[in-house]
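Colleague: 3D model of this:
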Amino acid sequence: MNELIGRVFDFQKSVFPPQSALYANLAVNGQRPKALIVSCADSRVVPEEILQAAPGDLFVCRNAGNIVPPFSNANGGVTSTVEYAVMALGVRDIIVCGHSDCGAMKALMNPSSLETMPNVAAWLRHSHAAHSVVSDAYPDLDGPEQVRAAALENVVVQIAHLRTHPAVASGIARGELALHGWFFDIHQGAVFALDGGTGRFEQIRDDRPMPVALPAQQRLASGVSYLEAAE
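Modeller: Below you'll find the predicted structure:
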């Protein structure tokens, strides 16, 4: 802990002064983050570092397993964060980011390891669909490859959950919101993005367009932007 406290002093002496104008602007004018990212609480996965984000760039929500529970009337931290990011801050992109060697996904695929952690077990029920997909569609995988598959499928599941949130559903319908599914490989330092068209993850490269899970475009089932009142 002393080491961490020392870093606070270093921030105050060395990091903050060159950025004092940026912090002053944020303090006076508030935040307008470019994206909301829901990532795992794993200490090895730091969204701000991966995206080289400056203060004010990202609205970050971290939890075990980068989970987004389906919308319900029950109050929850993730649900409130999503609602606030979309409705109050006006974010136009939401990223769900899983990662390799995820402890939550290891536990998901080995439920007996959670016998002494009932709250974690209950939280991971929001990833049970990913467990089912891996168990049924990847029957020959085990060990690290099984965990990797679970982490990838879990991102897909959580994006589906995102779409049950009213603020997100409305933003998607209006064409104002894009959803992204990412996977961070810790060993390679590489980021893979979900292509909504193919359903596959592809490595993000600077020589090709970035795959997007759900691009921003108007999606109205009626085919028109309004319905005329009945005469």
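Colleague: what's the residue closest to the geometric middle of the chain?
Modeller: When C-alpha atoms, centre = their mean is applied to the chain, the residue found nearest the centroid is V96 (2.1 Å).
Colleague: identify the residues contacting that one.
Modeller: 37-39, 66, 68, 155, 158-159, 162, 179-182 (C-beta atoms under 8 Å, 6 or more residues apart in numbering). C-beta: built from backbone N, CA, C; applies to glycine.
Colleague: three-state assignment of it?
Modeller: strand (DSSP: H, G, I helix; E, B strand; the rest coil).
Colleague: what about it, distance to M117?
Modeller: Note on V96: its distance to M117, by C-beta to C-beta, to the nearest Å, is 23 Å.
Colleague: related to what we said a few turns ago, mind checking which of the contacts of V96 land in helices?
Modeller: Among those, the ones falling in helices (DSSP state H) are 155, 158-159, 162.
Colleague: L51: how many residues sit nearby?
Modeller: L51 has 18 neighbours, counted by other C-beta atoms under 10 Å.
Colleague: now do the helix or strand hosting Q146: distance to the chain's middle.
Modeller: Element membership for Q146, per DSSP states H and E: helix 143-162. Centroid separation between helix 143-162 and its chain, computed with C-alpha atoms, centre = their mean, to the nearest Å, is 12 Å.
Colleague: ok, stretch 71-85 next?
Modeller: Centroid separation for stretch 71-85 versus its chain: 14 Å, with C-alpha atoms, centre = their mean.
Colleague: next, the distance between the ends of that stretch.
Modeller: Taking C-alpha to C-alpha, to the nearest Å, stretch 71-85 runs 15 Å from one end to the other.
Colleague: what are the contacting residues of the strand or helix carrying D136?
Modeller: In the assignment (DSSP H and E), D136 maps to helix 128-137. With contacts defined as C-beta under 8 Å, 6+ apart, helix 128-137 is touched by 105, 108-109, 141, 146, 149-150, 153-154, 156-157, 160.
Colleague: buried subset of those residues, written for PyMOL?
Modeller: Buried residues within the contacts of helix 128-137, by 16 or more other C-beta atoms under 10 Å, are selected in PyMOL with:
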select buried, resi 105+108+109+141+146+149+150+153+154+156+157
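Colleague: redo the contacts of helix 128-137 as TSV? Include pLDDT and distance to V224.
Modeller: TSV is the format used below for the contacts of helix 128-137 (pLDDT from 0 to 100; distance: C-beta to C-beta, whole Å):
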residue	pLDDT	distance to V224
M105	98	42
L108	98	42
M109	98	46
L141	96	46
Q146	98	46
A149	98	41
A150	98	41
E153	98	36
N154	98	36
V156	98	31
V157	98	32
A160	98	26
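Colleague: let's have the contacts of helix 128-137 in CSV, adding distance to N25.
Modeller: Converted to CSV, the contacts of helix 128-137 look like this (distance: C-beta to C-beta, whole Å):
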residue, distance to N25
M105, 39
L108, 42
M109, 46
L141, 49
Q146, 47
A149, 44
A150, 42
E153, 41
N154, 37
V156, 38
V157, 38
A160, 37
